[in-house]
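> Got a predicted model here, sequence first, then my questions.
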Amino acid sequence: MKKYNIFLLLLIFCLSISTSKIYGAQTPVTKLSATNGEIKSITTNGGQLSASIDTQDGKLSNALTPGFLITTNSNTQKSLQLTATCNTQEGAVNAFFFPLFSLDYHYIALTNSDVLPPSHCVDCVKKFNGALNCDNNPNVIAYRMTNLENIPNVMDVYYDNNYNRWDITLLKRGAIPLNIEIPSGEVPLTNTYSTCDEAGSYQATITLSFI
């Protein structure tokens, strides 16, 4: 066989080997993807939600302890607001307040859901100046609440006295409980309980929401 024919055959053989190596190195790749959304939820979390009122002095038979569970999977800070309303003849009004004589504790006003008071009766209680009497706040009873406190590295809380609400900053992810307490054995705010408060269910609605 002539030399140039031998060279041509060797060249074809080498090209065949090189081509087969290139094809053999290609491996099919399939990527799998699953998207996880942000979790941001609030649910009620048990607690004692009802009590009896002592007809002698207005004290609660037991503490009221509503609770919430805040759940998030994000480490980004979250802002929340805790608000309260009570019903009146004119509609729902803010139920949280600080009496003018004290900034140590905040209070919540409960109104008679069976005999709704006018809204100005709730206003009188909020603007308490020692002049409350049976005539200007019938069917409204105010109770002291345990103040919310900061939890280091978990949440910061601040009471906004301009809007009568709690502003809350969540600092971490996870399932974070928030508990509220209206203590038992506490007498109502002075002169907000009297014989002018008719029989019925005294109520307020507490709401926690992301903003």
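Sure, I can see it.
> for residue 124, what are its contacts?
Listed by Cβ atoms under 8 Å, 6 or more residues apart in numbering, the contact partners of residue 124 are 132, 136-137, 140. Where you see a C-beta, it was placed from the backbone N, CA and C, and this is true even at glycine.
> Tell me which other helices or strands the longest strand along the chain touches.
Longest strand in the chain, counting residues (DSSP state E): strand 78-88. Using 3 or more Cβ pairs under 8 Å, 6 or more residues apart in numbering; DSSP states H and E, the elements in contact with strand 78-88 are strand 67-72, strand 91-94, strand 106-112, helix 119-126, strand 165-170, strand 205-210.
> hmm, who's touching the following helix or strand past the fifth one?
Tracing the chain C-terminally past strand 165-170 and defining elements by DSSP states H and E, one meets strand 174-179 next. Strand 174-179 has contacts (Cβ under 8 Å, 6+ apart) with 45, 47, 65-72, 82, 148, 154-155, 168, 170, 208.
> how close does the closest residue to residue 138 other than its chain neighbours sit to residue 60?
Nearest residue to residue 138 in three dimensions, chain neighbours excluded: residue 196, at 4.0 Å (Cβ to Cβ, 6 or more residues apart in numbering). Distance, residue 196 to residue 60, by Cβ to Cβ, to the nearest Å: 19 Å.
> More neighbours: which of these two?
residue 60 (22 against 15; other Cβ atoms under 10 Å).
> sorry, back to before: are any of the contacts of strand 174-179 buried, and which?
65-70, 72, 82, 148, 155, 168, 170, 208 (16 or more other Cβ atoms under 10 Å).
> Would you mind putting those residues into CSV with pLDDT and distance to residue 183 alongside?
CSV is the format used below for these (pLDDT from 0 to 100; distance: Cβ to Cβ, whole Å):
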residue, pLDDT, distance to residue 183
65, 97, 9
66, 97, 13
67, 97, 15
68, 98, 19
69, 98, 22
70, 98, 23
72, 97, 30
82, 98, 18
148, 94, 14
155, 97, 22
168, 98, 21
170, 97, 26
208, 98, 20
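> and which of those residues is nearest to residue 52?
residue 65 (15.3 Å; Cβ to Cβ).
> Let's test this: what are the backbone torsions at that closest one?
When read as degrees, to the nearest 10, the backbone of residue 65 gives phi -130, psi 60.
> List the contacts of it.
47-48, 179-182.
> from those, which is closest to residue 88?
residue 182 (19.9 Å).
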